[in-house]
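**Q** below are the sequence and a predicted model for it; my questions follow.
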Amino acid sequence: MHYPPEQEVFTVATHHSSHDKDVASSSSSSKFATFQNSSLCRSPSARWFVGALMVLLSLSLVQNFRKENLLSEIPDYPLTKKQPLHQRSVRFMPYPHKTLGSGTSLQCQWETRPFVSSNTSKESYLDFTQQNAYAEGICIPPTLNDTLHIFSSEEAIECLSPKAQNRDIKLMLSGDSYMKQLYIGLVDILLSKHINNGKEIFGSTQRNEVTTIAQHEMEKRRSEEKNSTFPFVQYGPQCYGVAPLSTTCSEIIKELRTDNSTDYVFIISSGVHIYRRSQNQVNATIQEINNFLDTTNRTIFVSPPYYYPDIQFTAELVRDQAEVYRGLLPNVAPENADHPFLDVYELTRSCMWKNCSYDKAHRSRFVNRWKAQLLLNTLCEVQ
């Protein structure tokens, strides 16, 4: 359950029923009828005055009635500066993509902004994905307050669609368990539903099962769409981190890059497994990742998350992972634009709600959908 501060309400609507208008009208008319029959109305001047007053009242009632009708014709949309979805265009941003920032510039405060629905059936500006983002939780750094966009499913598809962008775009996510969950979050957005009924993921077995379901549903959707309309987005385990990134991970990326006709976007992350394989050496972990970035260009690296101090994560591991994160910052965007970077450390650090994580390590599905929104902001531009 979320415990956010008070938030502004998206939809404000004031409606008066026809019954209210009829009551007001009849009440006013009866008062003037009583006044007309009184002794004060017997002189010509008084009658002229009352007549003029009744004309003014009639004009006022007509004006109010027209105003109410006009108000009832206004679409009951949320109060947002965004234009209707069908009027916006989305452009894919090729390498080096867009830079959102890194480090302390991305500090943010999690909040919810519940979408207030009305009694009307008119179409809303916000789709299923956007409404759930506001209701479940968002974390927008002040530095991105005016530029960060919460993508609808339609916009995300348009950005990554080979047909819409007239270029063969293929997203390849690979790495550790955090990358699996980022992949699931992105699939939730693209399919405009929470796969596997939105159930939270507990443990590696369930994570693998949901990843398989996500891959199956993405492939099924692509097979149903003609002319490559639906995006190509896959997850692969090659960059998990058990083996050095310079071997299997780099080899597969370099092999796929021989196809110059395709815009491959590789989104990679593996931190804690490299750290453990290097016998908990911070500098060795940073060096392996930097060497991978320097030799395997055009790859988006995703930062490690923040680790909660817990029985399974000692204070030493929490401290060392923070040092690994800070050690990467000088060699990734925005400091080094050649190495695009998706920084999720601060947003995972600031998520302290009870439902942010169920194992003190992996984040809940709404957090991973928010990570996916940041990825879309790195790859896409709404015009």
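**A** Ah, there it is.

**Q** tell me which stretches of the stretch 51-200 of the chain form strands.
**A** 90-92, 168-175 (DSSP state E, counting those that start in this stretch).

**Q** can you name the residues bridging to Gly267?
**A** Just so we're on the same page, residue 267 is Ile rather than Gly. Counting by DSSP bridges, Ile267 is bridged to Leu173, Ile300.

**Q** outline the domain layout of this protein.
**A** 18-73, 85-107+140-382 (automatic domain parsing).

**Q** and these, which is most packed in?
**A** Highest mean neighbour count among those (mean count of other Cβ atoms under 10 Å): domain 85-107+140-382, with a mean of 18. From N, CA and C alone the C-beta is placed, and that goes for glycine too.

**Q** so how far is that domain off the chain centroid?
**A** 14 Å (Cα atoms, centre = their mean, to the nearest Å).

**Q** make TSV out of the strands of the stretch 51-200 of the chain and add mean pLDDT.
**A** Below are the strands of the stretch 51-200 of the chain laid out as TSV (pLDDT from 0 to 100):
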stretch	mean pLDDT
strand 90-92	97
strand 168-175	96
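
**Q** right, and those strands - which one's nearest Ile195?
**A** strand 168-175 (15.3 Å; Cβ to Cβ).

**Q** mind giving me the packing neighbours of the closest one?
**A** Contacts defined by 3 or more Cβ pairs under 8 Å, 6 or more residues apart in numbering; DSSP states H and E place strand 168-175 against helix 177-191, strand 232-236, strand 262-269.

**Q** with distance to Glu346 and mean pLDDT as extra columns, can I get those in a markdown table?
**A** Below are the helices and strands packed on strand 168-175 laid out as a markdown table (distance: least, Cβ to Cβ, whole Å; pLDDT from 0 to 100):
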| stretch | distance to Glu346 | mean pLDDT |
| --- | --- | --- |
| helix 177-191 | 15 | 97 |
| strand 232-236 | 24 | 95 |
| strand 262-269 | 15 | 96 |
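
**Q** what's the closest of the ones you listed to Leu245?
**A** Nearest of the helices and strands packed on strand 168-175 (Cβ to Cβ): strand 262-269, 7.8 Å.

**Q** any idea how far Lys254 is from the nearest residue to Gln281 once chain neighbours are set aside?
**A** Excluding the flanking residues, the one nearest Gln281 by Cβ to Cβ, 6 or more residues apart in numbering is Tyr275, at 7.5 Å. Noted for Tyr275: a distance of 25 Å to Lys254, by Cβ to Cβ, to the nearest Å.

**Q** how about Gln109?
**A** Applying Cβ to Cβ to Gln109 and Lys254 gives a distance of 41 Å.

**Q** got it, and Gly175?
**A** 17 Å.

**Q** quick one: the helices in the stretch 201-350 of the chain, in order.
**A** Under the criterion DSSP state H, counting those that start in this stretch, the stretch 201-350 of the chain carries helices at the ranges 203-224, 248-256, 272-277, 282-295, 315-328, 345-350.

**Q** export the ones you listed to JSON lines and tack on distance to Met179 and mean pLDDT?
**A** Below are the helices of the stretch 201-350 of the chain laid out as JSON lines (distance: least, Cβ to Cβ, whole Å; pLDDT from 0 to 100):
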{"stretch": "helix 203-224", "distance to Met179": "10", "mean pLDDT": "95"}
{"stretch": "helix 248-256", "distance to Met179": "12", "mean pLDDT": "91"}
{"stretch": "helix 272-277", "distance to Met179": "11", "mean pLDDT": "94"}
{"stretch": "helix 282-295", "distance to Met179": "14", "mean pLDDT": "96"}
{"stretch": "helix 315-328", "distance to Met179": "16", "mean pLDDT": "96"}
{"stretch": "helix 345-350", "distance to Met179": "14", "mean pLDDT": "96"}
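
**Q** before we move on, the earlier item: list the contacts of the residue nearest to Gln281.
**A** Taking Cβ atoms under 8 Å, 6 or more residues apart in numbering, we find Tyr275 in contact with Gln281, Val282, Thr285, Leu317, Asp320, Gln321, Val324.

**Q** try Val318
**A** Tyr307, Tyr308, Pro309.

**Q** narrow the residues you listed to those in strands?
**A** Taking DSSP state E, every one of those sits outside strands.

**Q** ok, the residues you listed vs His339, which is closest?
**A** Distances from His339 to the contacts of Val318, taken by Cβ to Cβ, are shortest for Tyr307, at 23.2 Å.

**Q** for the closest one, what are its contacts?
**A** Val272, Phe313, Leu317, Val318, Gln321, Lys360, Ala361.

**Q** turn those into JSON lines, including distance to Leu190.
**A** Formatted as JSON lines, these follow (distance: Cβ to Cβ, whole Å):
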{"residue": "Val272", "distance to Leu190": "27"}
{"residue": "Phe313", "distance to Leu190": "32"}
{"residue": "Leu317", "distance to Leu190": "34"}
{"residue": "Val318", "distance to Leu190": "33"}
{"residue": "Gln321", "distance to Leu190": "30"}
{"residue": "Lys360", "distance to Leu190": "29"}
{"residue": "Ala361", "distance to Leu190": "26"}
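
**Q** between those residues, which is closest to Val302?
**A** Val272 (12.7 Å).
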